[in-house]
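**Q** Please work out how this folds:
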Amino acid sequence: MKKKGFLLATSAGFAAAAAPGAQAADMPLKAPSMVAPAASWAGWYIGVHAGVNWQQAHDNFDPNGYGGGTFSTTATGFIGGGQLGYNWQHGNFVFGIEGDGSGLSGTGSGHSGTPATPYGTVSNSVRWLSTVRARFGLAVGDTMAYTTAGIAFGGVRNRFINNSGAITYSDSKTKTGWAAGGGIEHMLNRNWTIGLEGLFVDLGRSNSVAGVRTNGSTTAKTTSFSNQAVIGRLKLNYKF
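**A** Numbering: from 1, shown residues only. This next block holds a predicted model:
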């Protein structure tokens, strides 16, 4: 009897010890939490931009090679347009190419010469601008900082008005130069990004010769123009 009671007690002990494990095995397992995918900047995007442009033109006047006036004209205006680009991403590094087109407002003007020898008035403006630039960025999560540089094309208008009020030189042409700058861009969600960008644009120098009539005689005047712009703009992109 004692032996039988001992076996019954031992069996009951093993059953009690095994019961928690059995209950635990019967409990449903909790599903693993989903890990959010890393933000990707790769692919095509298209967008719009708007901001401010500060234009500056360096003007040099040399009538008949005897020396003239050198000064700068400045203007502040609006810039707006659109852009299209593509990004490649390797880890945290982003490489891309972007093309854009913009319309600009603002015209700078000033007087040339001296009070004793007034040559006239000049005005300068960059009316439209297009750039094709490479971009190199460093992405940390949903935010990317980048530098950019490339070629620039712009529609430039330069005018010279002599002291009698007659326009002796007016020219609108497309100039080619360069653009460089940088920016910061933030991913609002997988499709939309917003950013701030700053660019310096130099559209090169152009020379012209115009006839200036002073005291009843016409003389040749060499006019040199150099157009530049500093741009700050807000960009909104849709990423495909």
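**Q** contacts and neighbour counts: CA atoms only from here.
**A** Noted.
**Q** could you pull out the strands for this protein?
**A** 43-63, 70-90, 93-104, 108-113, 118-140, 143-162, 167-187, 192-214, 217-239 (DSSP state E).
**Q** and the fifth one, what's its mean pLDDT?
**A** Right, strand 118-140. Strand 118-140 shows a mean pLDDT of 90.
**Q** Which elements pack onto it?
**A** On a contact count with 3 or more C-alpha pairs under 8 Å, 6 or more residues apart in numbering; DSSP states H and E, strand 118-140 meets strand 43-63, strand 70-90, strand 93-104, strand 108-113, strand 143-162, strand 217-239.
**Q** give me that answer again for 7 Å
**A** Packed against strand 118-140, as judged by 3 or more C-alpha pairs under 7 Å, 6 or more residues apart in numbering; DSSP states H and E, are the following elements: strand 93-104, strand 108-113, strand 143-162.
**Q** Pipe the strands of the chain into JSON lines and attach mean neighbour count per row.
**A** As requested, the strands of the chain are exported to JSON lines (neighbours: other C-alpha atoms under 10 Å):
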{"stretch": "strand 43-63", "mean neighbour count": "20"}
{"stretch": "strand 70-90", "mean neighbour count": "18"}
{"stretch": "strand 93-104", "mean neighbour count": "19"}
{"stretch": "strand 108-113", "mean neighbour count": "19"}
{"stretch": "strand 118-140", "mean neighbour count": "21"}
{"stretch": "strand 143-162", "mean neighbour count": "20"}
{"stretch": "strand 167-187", "mean neighbour count": "17"}
{"stretch": "strand 192-214", "mean neighbour count": "18"}
{"stretch": "strand 217-239", "mean neighbour count": "19"}
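**Q** weakest of those strands by average pLDDT?
**A** When I compare those, strand 108-113 is least confident, with a mean of 73.
**Q** Show me the beta-bridge partners of G108.
**A** For G108, the beta-bridge assignment (DSSP bridges) gives partners N124.
**Q** Would you mind confirming that it makes contact with S72?
**A** No. G108 is not in contact with S72 according to C-alpha atoms under 7 Å; the separation is 8.7 Å.
**Q** Which residues are in contact with F225?
**A** 57-60, 205-207 (C-alpha atoms under 7 Å, 6 or more residues apart in numbering).
**Q** Next, the contact list for the closest residue to Q55 other than its chain neighbours, please.
**A** Nearest residue to Q55, sequence neighbours excluded (C-alpha to C-alpha, 6 or more residues apart in numbering): A229, at 4.3 Å. Residues near A229 by C-alpha under 7 Å, 6+ apart: 53-56, 200-202.
**Q** Distance check, A229 against W128.
**A** For A229, the distance to W128 equals 11 Å [C-alpha to C-alpha, to the nearest Å].
**Q** what do you get for A57?
**A** Taken as C-alpha to C-alpha, the span from A57 to W128 is 15 Å.
**Q** Equivalent analysis for A152, please.
**A** Note on A152: its distance to W128, by C-alpha to C-alpha, is 11 Å.
**Q** Residues that sit against both of these two, list them.
**A** By C-alpha under 7 Å, 6+ apart, no residue touches both A152 and W128.
**Q** Quickly list what R159 is bridged to.
**A** Beta-bridge partners of R159, counted by DSSP bridges, are S123, S170.
**Q** Who are the contact partners of it?
**A** Counting by C-alpha under 7 Å, 6+ apart, R159 touches 122-124, 169-171.
**Q** and of these, the nearest to L236?
**A** Nearest to L236 among the contacts of R159: N124, at 30.0 Å, using C-alpha to C-alpha.
**Q** which residues does that closest one contact?
**A** Counting by C-alpha under 7 Å, 6+ apart, N124 touches 57, 107-109, 157-159.
**Q** can I get those in CSV with distance to N191?
**A** Output for the contacts of N124, formatted as CSV (distance: C-alpha to C-alpha, whole Å):
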residue, distance to N191
A57, 40
T107, 38
G108, 40
S109, 44
R157, 39
N158, 42
R159, 45
